[in-house]
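[1] kindly generate the corresponding structure for this input.
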Amino acid sequence: MNQDSNTKVSLRNVVIFAGAYCAFSIGSGYATGQEILQFFGAFGPQGIIGCFVSMLIFAFLGGALMQKGYDLKLKYHTQVFHYYCGKYIGTFLEWVTILFLFSVVSIMIAGTGAVASEYFALPGDVGSVFMALLCILSILLGLMRLADVIGSMGPVIIFFTIGIGILTVLNANTDWAKGWDILYDLRSTKSWWFSTYDFLDSAWFSGVLYASCMVFGSIPFLTGLGGKANSRREAFLGGFLGGVALMIASALMMAAMLCFPAEVAKLQVPNLFLAQQFAPALALIFSVILLLGIYSTAAPMFWVVINKLEQWMPNKTVKMVVTVVLGVVAYFGAQIGFGKLIGFLYPLMGQVGVLMIVVVLVKVFILKDNKDPGLEREE
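    Residues are numbered from 1 along each chain as shown. Take a look at the predicted model:
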């Protein structure tokens with residue numbers, strides 16, 4: 001491969017890849033603001049440290065994973081775990097990822113219920129049932145193309161998040177560096193073993209947990225996305241820019257939340273509350289975009305789960321039954337509660353993600369091994 005093919009960069013492609021990275025990372029937890037609240041806002045002004053740490057991980061790991069995807073060009077993207085960890089551990093991590101994605105579907109369903117309750121004044125179950133049915137019907141009726149199209153809402157949500165954050169910080173008549181103590185009990189590090197160590201029960205480690213969790217779940221997606229790039233440099237820049245954009249929006253929204261700590265502490269959807277304060281006309285638009293963004297994340301994740309199980313399904317009838325049953329299970333999983341699900345699952349997967357990140361860094365930057373004859377490549 002010549003030097004030009006390794007360095008060819010299309011700015012349009014870089015922006016598209018960055019937008020796709022953001023879209024995949026945004027779900028109900030991010031779009032509603034609940035993730036930002038627990039992982040960053042709960043630490044008050046120090047949350048900016050967590051945002052910066054997360055940005056570094058999102059940007060550099062996103063770029064590295066996409067660059068490796070360009071090198072590998074795998075036919076089946078989940079095989080990337082075999083590349084990084086070997087056959088047995090890789091297979092185990094494949095299934096861990098599938099379970100994680102299924103759990104995230106429950107979080108998406110719970111998030112829809114929270115939006116229905118706090119913004120539209122409907123019973124939360126109405127929103128949850130609606131999203132669960134949409135996910136089931138998307139699989140049964142083959143509507144995944146629709147979910148892909150709506151997936152373009154990711155960058156739009158980033159734009160709205162940045163706008164709401166800026167409007168709030170510029171117009172709020174409060175001192176955002178005070179009164180945030182009420183949020184401290186919501187912090188992501190509160191309920192795990194690391195809460196007994198002050199240096200881990202901190203903003204910087206919360207940033208590590210958040211990015212590790214999200215990047216871990218994105219590894220197959222970023223690998224496949226990188227395979228579509230024109231060059232290694234283009235792949236890296238797409239992942240890097242996506243990570244930076246995601247966390248700039250997060251930092252601005254976190255600052256906005258600290259302007260109303262007493263209010264957001266009680267809410268499941270703090271972003272909509274903030275939108276209503278200084279841009280009420282946009283709040284309705286944002287709520288619709290938010291719901292579309294949740295669907296465009298939930299349906300593809302549910303499809304990945306069903307697709308993985310499909311190899312053991314003898315016919316379409318069995319697939320239909322399994323899809324409906326898992327949709328119902330995801331709905332009941334959502335009854336645990338939106339905030340509680342995020343507070344438990346994301347730190348758990350973040351711990352797995354920290355280990356995975358170490359493995360990725362060693363494989364990419366130290367071993368620099370691009371070949372594995374046991375993996376199927378694209379033609």
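[2] shaky segments in this structure?
    Low-confidence segments of the chain (pLDDT under 70): 1-6, 27-28, 76, 144-152, 174-177, 368-379.
[3] all strands of the chain, in order?
    For the chain, no strands turn up when DSSP state E is the criterion.
[4] center of it, which residue is that?
    S25 (2.9 Å; Cα atoms, centre = their mean).
[5] from E35, how far out is that residue?
    10 Å (Cβ to Cβ, to the nearest Å). In this view, the C-beta of every residue, glycine as well, is placed from N, C-alpha and C.
[6] before we move on, back to that, and the gap between the residue nearest to the centre of the chain and A211?
    In this structure, S25 and A211 are 10 Å apart, going by Cβ to Cβ.
[7] now the common contact residues for the two.
    F58 (Cβ atoms under 8 Å, 6 or more residues apart in numbering).
[8] quick one: the helices in the stretch 1-150 of the chain, in order.
    Along the stretch 1-150 of the chain, counting by DSSP state H, counting those that start in this stretch, helices occupy 3-7, 11-25, 28-32, 34-39, 47-72, 80-85, 87-118, 124-140, 144-150.
[9] flag every buried residue along the longest one.
    Residues 90, 93-94, 96-98, 100-118 are the ones in helix 87-118 that count as buried (16 or more other Cβ atoms under 10 Å).
[10] that older thread, nearest to G242, out of the helices of the stretch 1-150 of the chain?
    Among the helices of the stretch 1-150 of the chain, the nearest to G242 by Cβ to Cβ is helix 11-25 (3.0 Å).
[11] by contact count, what packs against that closest one?
    Helices and strands touching helix 11-25, by 3 or more Cβ pairs under 8 Å, 6 or more residues apart in numbering; DSSP states H and E, are helix 47-72, helix 153-171, helix 203-226, helix 232-257, helix 280-309.
[12] reformat the ones you listed as CSV; add distance to F344 and mean neighbour count.
    CSV is the format used below for the helices and strands packed on helix 11-25 (distance: least, Cβ to Cβ, whole Å; neighbours: other Cβ atoms under 10 Å):
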stretch, distance to F344, mean neighbour count
helix 47-72, 19, 24
helix 153-171, 24, 20
helix 203-226, 12, 25
helix 232-257, 21, 25
helix 280-309, 18, 20
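[13] so for L345, which of those sits nearest?
    Closest of the helices and strands packed on helix 11-25 to L345 is helix 203-226, at 8.2 Å (criterion: Cβ to Cβ).
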